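1. Quick one, fold the following:
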Amino acid sequence: MKKTIYDVAKDMNLSPGTISKILNYKGNVSQKTRNVVLNYVKKIGFVPDSSARILKAKRSSTLGIVFSDIAHFGLEHPFFSSVLQNFKNYVEKLGYEIVFIVDSIGNQELSYYKWCRVKKVDGVLIVTGNINRPNIIELVNSDIPSVSTDIYMDNLYSVISDDYMGVKLALDYAFDLGHKLIGCISGPLTTRAYYERLDALENILKDDYQIDFSREYFAEAKSYGYTGGYNATKEMLKKAKKVPEFIFAFSDELAFGVIRSLEEAGYRVPEDVSVMGFDDVYFAKRFTPALTTIRQDKEQIGERAAKKLLDIIDGKEKPVVQVERIPVSLVIRDSVKAKK
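-> So this is what the prediction gives:
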């Protein structure tokens, strides 16, 4: 028989109120007592109900957020944080609140799925995650509705940018301006977006321009931001026979590092080398030179993910496997220049 909070209180010779405070990480309870109780509930697999109101209701009006930080860039990442903010704005207008789903609080560890049960969430947004993690696999394959703005798997509806369209816009613009020698700086190719953008770049060059892309003019950054772009550019400059006329960085954060690395090596941007990013983060237009980039529609991604998740929860749509690709656009600024 499933234990209740009253059973746990009796087993531990404590009041139900004290047990509740410990399980909800509230109140003035000694760390020793807290640890003893948390170890006990972990041992017996006890999952508390969030509240009597939620227990009796069919809906909690709460949505879970999974932000599995495999890239170690944190919630301040300009793209994902903006997508999450737009998702939050949409659902809060409809009376929902959001709660972050984690795999540990203090000394207590639970899977994402079990934490969703603890919080009684109606559905989950997976902002970003690793498709190979058991936590993610268990959650996606559960009966809890879920959508993602980063990954795609069986049983998961995903809303992502049209990466192929973005690469096509970038390359067409570069060739229209007379650039022929193309370089590329990517983030770690274990990330879906970077892998797909590189695949698109190679295919578009071959199919549309009859060019076999040389990895001599490619470098994979070891990290996701400015430092990754800076170091990857130094690596590419060492092995390339010529300096590319145009370097396409697969994120704005990478592009900022690319530009500073080129300048340190004695090249001017865009006079000697043109650089383009991907994202259109807030700082892109304030950087020097202002960054030409591919704009991802963060507002539409967040809102579409929210609408889709709520439709699945309401039974208006079945949770079928599908990838919805949101159009991107070219933003022209100062970091790309026409060849003479």
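
2. Every contact and neighbour count from this point should use C-alpha atoms.
-> OK.

3. What segments of the stretch 151-300 of the chain are strands?
-> Here the stretch 151-300 of the chain has its strands, by DSSP state E, counting those that start in this stretch, at 157-161, 182-186, 218-220, 246-249, 274-279, 292-295.

4. As a markdown table, the ones you listed with distance to Asn231, mean pLDDT and mean neighbour count would be great.
-> Output for these, formatted as a markdown table (distance: least, Cα to Cα, whole Å; pLDDT from 0 to 100; neighbours: other Cα atoms under 10 Å):
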| stretch | distance to Asn231 | mean pLDDT | mean neighbour count |
| --- | --- | --- | --- |
| strand 157-161 | 27 | 95 | 25 |
| strand 182-186 | 10 | 97 | 25 |
| strand 218-220 | 9 | 97 | 23 |
| strand 246-249 | 13 | 98 | 27 |
| strand 274-279 | 15 | 97 | 28 |
| strand 292-295 | 20 | 98 | 26 |
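
5. Looking at these, which is nearest to Lys308?
-> strand 157-161 (8.1 Å; Cα to Cα).

6. Tell me the strands beside that closest one, with direction?
-> Using DSSP bridges, the strands paired with strand 157-161 are strand 146-148 (parallel), strand 322-326 (parallel).

7. quick revisit: so for Pro327, which of the strands of the stretch 151-300 of the chain sits nearest?
-> When those are compared by Cα to Cα, strand 157-161 sits nearest Pro327, at 6.2 Å.

8. Please save the CA atoms from the closest one in PDB.
-> Only the C-alpha atoms of strand 157-161 are listed here, as PDB (Å, rounded to 0.1, in the frame of the first residue of the first chain):
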ATOM      1  CA  TYR A 157       6.500  17.500 -30.700                       C
ATOM      2  CA  SER A 158       9.300  20.000 -31.500                       C
ATOM      3  CA  VAL A 159       9.300  23.600 -32.500                       C
ATOM      4  CA  ILE A 160      12.600  24.800 -33.900                       C
ATOM      5  CA  SER A 161      14.100  27.300 -36.300                       C
END
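
9. Single out the most deeply packed of the strands paired with strand 157-161.
-> Mean neighbour count (mean count of other Cα atoms under 10 Å) peaks for strand 146-148 among these, with a mean of 28.

10. quick one on the thing from earlier: with distance to Tyr173 as added columns, please give the strands paired with strand 157-161 in JSON lines.
-> Listed next are the strands paired with strand 157-161 as JSON lines, based on distance: least, Cα to Cα, whole Å:
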{"stretch": "strand 146-148", "distance to Tyr173": "31"}
{"stretch": "strand 322-326", "distance to Tyr173": "20"}
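
11. In CSV: the ones you listed, plus mean pLDDT and distance to Glu253.
-> Below are those laid out as CSV (pLDDT from 0 to 100; distance: least, Cα to Cα, whole Å):
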stretch, mean pLDDT, distance to Glu253
strand 146-148, 95, 22
strand 322-326, 93, 21
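
12. Could you point out the helix or strand that follows the helix or strand bottoming out on mean pLDDT in the chain?
-> Within the chain, no helix or strand scores below helix 52-56, which has a mean of 42 by mean pLDDT, DSSP states H and E. Per DSSP states H and E, helix 52-56 leads on to strand 62-67 as the next helix or strand towards the C-terminus.
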